[in-house]
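[1] Please find the sequence and the predicted model below.
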Amino acid sequence: MDTAKLNHNNNNNIHAITLEPCNCLVATAALMPLMSFFKKLKKLAEDDPRRVIHSIKVGLGLSLVSVFYYVTPLFKSTFKDCTMWAVITVVLVMEFTVGGALTKGLNRALATFLASVMGVGAHHLAVIFGEKGEPFILGSLVFIIAVAATFLRFVPELRTRYDYGVLIFILTFCLVAVSSYREENLLLLACQRSLTIVTGVLVALVTSILLFPVWAGEDLHKMTAYNLQKLAAFLEGLGTEYFAEKDENGNSGRTRPSEAYKSVLNSKSSEDSLINNARWEPVHGKFRFKHPWKEYTKIGVLSRQCAYTMHMLHAHINKAESQTPFGLELCRRIRSPCMNLSLALSDTLKELASSILSMTTRSSATEHMAKACTATDQLKTSLLNDCELSTVLHAATIVSLLVEITECIRQIRVSVEELAALAQFKSPEVAMNVATVRPIVDIEVNHVSVVVEQ
């Protein structure tokens, strides 16, 4: 009996021991998604610390506007039950960039004021028709205004800049007009709503502008230059890897062309958003009043067009290399001009990107572009010389795409020069001369005195 009981206890202990590792594995498996989520949050903060600052600014803005609700004297003497609209406004208006906050804030404030005025006017118009006719007039006005305003949202010019304002206008007008049928003091309601919206907008704008502001104009300016650098990286890798001289094993000893240009293909939405927000921003840094933001649109369109052509060229090269062990070789007279052309185009884009970042004019971009045009002429004249029949089509396709890229980069250079002229980029020589002028001190000089006797 004792032996059986001892065996039973041993079995229970063994079972408990085996359950402990299982429980640890279950707990670890349950924590893995949470740990992965926190790693993503950490990466987001490391990639752009401004995201953390923006989150803190939103919390601070909400805390400031909540004072109107928490402090009893302010609550009773100002907005009363409408105070919550100020809190909601801060949540909706606080955007990542100053331009985004200004866009939403001004749209919301102006739309609320205009809709409140029209709502009060609709109420006074409906009262003329008596108690029985008032609801029909109010319903008809709400229908007409809502239909007209909603249709205006489809206008491209209005949709890009004022879509949020039109939406708030519809919401506020319907709120004031419909409430007017039961509300006794409609004018007070409209004034309170307008003031709460303005208060929320002001708190959001002050927080966004004064505390570590993020300017959409600066982000757009840098993104335009970085996109050109990505295109330059692909062309540089193309010249040093594919068109460079290869050894017996078919290797050039260099890295493969960069594929960073692919991010340029998907940059339109973020670029359009930054341009729309930058137009609302005040003067800041090197960006003056009426900065030519439209020129960034031209450069962005040309950059994406160039990236599309590079994508086709890259796909053609990968397809050609997969057909033979070492890829289809270009003839010798084509290889050198292609390499020179790729490197010259890469240098041109680098100079243009540096010109945009420093906001200075650079003549070296024109020199590199001239070298690229010379290499293009060499390609056109020597395309079919010393080439085998099997590589003629391959070479012609590559040359055609390179020529198209050259023309696109030439247009980018022209657009950057137009931007430099309109934005009044400074000359690097002038900046260098101003920076290098220093007073002469601690230098021995032989003085000569000249006495003139009359």
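    Noted; the coordinates are in hand.
[2] Check Arg332 and give its pLDDT.
    At Arg332, the model reports a pLDDT of 58.
[3] try the one 4 residues further on
    Each residue has a pLDDT score; the one for Ser336 is 76.
[4] what's the spacing between stretch 41-55 and its chain's center?
    16 Å (CA atoms, centre = their mean, to the nearest Å).
[5] what about dumping the CA coordinates of that stretch to CSV?
    Output of stretch 41-55 as CSV, limited to C-alpha atoms (Å, rounded to 0.1, in the frame of the first residue of the first chain):
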residue,chain,number,x,y,z
LEU,A,41,7.3,50.9,-32.0
LYS,A,42,10.9,51.3,-31.1
LYS,A,43,11.9,51.2,-34.7
LEU,A,44,9.3,53.9,-35.6
ALA,A,45,10.7,56.1,-32.9
GLU,A,46,14.3,55.5,-34.0
ASP,A,47,13.5,56.2,-37.6
ASP,A,48,12.0,59.6,-36.9
PRO,A,49,12.1,60.9,-33.3
ARG,A,50,9.8,63.7,-34.3
ARG,A,51,6.9,61.2,-34.1
VAL,A,52,7.5,60.9,-30.4
ILE,A,53,7.6,64.6,-30.0
HIS,A,54,4.4,65.0,-32.0
SER,A,55,2.6,62.5,-29.8
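[6] Low-confidence ranges, the protein, go.
    Residue ranges of the chain with pLDDT under 70: 1-30, 72-81, 244-258, 320-333, 363-366, 375, 377-393, 428-454.
[7] Excluding sequence neighbours, find me the nearest residue to the residue positioned nearest the centre of it.
    In the chain, the C-alpha nearest the mean C-alpha coordinate belongs to Ser270, at 4.2 Å (CA atoms, centre = their mean). Distance criterion CB to CB, 6 or more residues apart in numbering; nearest residue to Ser270, sequence neighbours excluded, is Met223 at 7.3 Å. Bear in mind the C-beta positions are built from the backbone N, C-alpha and C, glycine included.
[8] so who does the one you found touch?
    267, 270-271, 274 (CB atoms under 8 Å, 6 or more residues apart in numbering).
[9] how close does it get to Arg304?
    12 Å (CB to CB, to the nearest Å).
[10] what sits in contact with each of the two?
    Ser267.
[11] Mind giving me the ChimeraX command for buried ones among the contacts of Met223?
    The following ChimeraX line selects those of the contacts of Met223 that are buried, judged by 16 or more other CB atoms under 10 Å:
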select :267,271,274
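[12] Now render the contacts of Met223 as JSON lines, adding distance to Arg288.
    JSON lines is the format used below for the contacts of Met223 (distance: CB to CB, whole Å):
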{"residue": "Ser267", "distance to Arg288": "25"}
{"residue": "Ser270", "distance to Arg288": "24"}
{"residue": "Glu271", "distance to Arg288": "21"}
{"residue": "Leu274", "distance to Arg288": "18"}
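[13] any idea which of the contacts of Met223 is the one closest to Gly119?
    Leu274 (34.7 Å; CB to CB).
[14] Summarise which helices and strands the strand or helix carrying that closest one is packed against.
    Using DSSP states H and E, Leu274 sits within helix 268-278. Counting contacts by 3 or more CB pairs under 8 Å, 6 or more residues apart in numbering; DSSP states H and E, helix 268-278 is packed against helix 98-127, helix 156-179, helix 216-237, helix 294-323.
[15] Out of the ones you listed, flag the one nearest Leu64.
    Per CB to CB, nearest to Leu64 of the helices and strands packed on helix 268-278: helix 98-127, 14.6 Å.
[16] and the helix or strand that comes right after that closest one, what other elements does it pack with?
    Scanning forward in sequence from helix 98-127 by DSSP H and E, the next helix or strand is helix 130-152. If contacts are counted by 3+ CB pairs under 8 Å, 6+ apart, helix 130-152 sits against helix 98-127, helix 156-179.
[17] orientation of the longest one relative to helix 156-179 in degrees?
    Meaning helix 98-127. Helix 98-127 runs at 40 degrees relative to helix 156-179, counting by axes from the mean of the first three to the mean of the last three CA atoms, to 10 degrees.
[18] and helix 98-127, what other elements does it pack with?
    helix 83-93, helix 130-152, helix 156-179, helix 186-210, helix 216-237, helix 268-278.
[19] which one of those helices lies closest to Ser346?
    Comparing those by CB to CB, helix 216-237 comes nearest, at 4.0 Å.
[20] in the closest one, what counts as buried?
    For helix 216-237, using 16+ other CB under 10 Å, the buried residues are 216-221, 223-237.
[21] Quick check: Arg335 touching Tyr242?
    No - contact between Arg335 and Tyr242 fails when scored by CB atoms under 8 Å: they sit 9.2 Å apart.
[22] Break the chain down into its domains, please.
    With domains defined by automatic domain parsing, the chain comprises 52-210, 216-433.
[23] now the end-to-end length of the shortest one.
    End-to-end distance of domain 52-210 (CA to CA, to the nearest Å): 16 Å.
[24] Centre of the chain to that domain, how far?
    Using CA atoms, centre = their mean, the offset of domain 52-210 from its chain centre is 28 Å.
[25] that older thread, now the two most distant members of the contacts of Met223.
    Ser267 and Leu274 (9.8 Å).
[26] circling back: winner for burial among the helices and strands packed on helix 130-152?
    Most buried of the helices and strands packed on helix 130-152 by mean neighbour count (mean count of other CB atoms under 10 Å) is helix 98-127; its value is a mean of 21.
[27] and the nearest residue in space to Glu134 that is not next to it in sequence, what does it touch?
    Distances taken as CB to CB, 6+ apart place Ala126 nearest to Glu134, at 4.4 Å, with adjacent residues excluded. With contacts defined as CB under 8 Å, 6+ apart, Ala126 is in contact with 133-135, 137-138, 141, 180.
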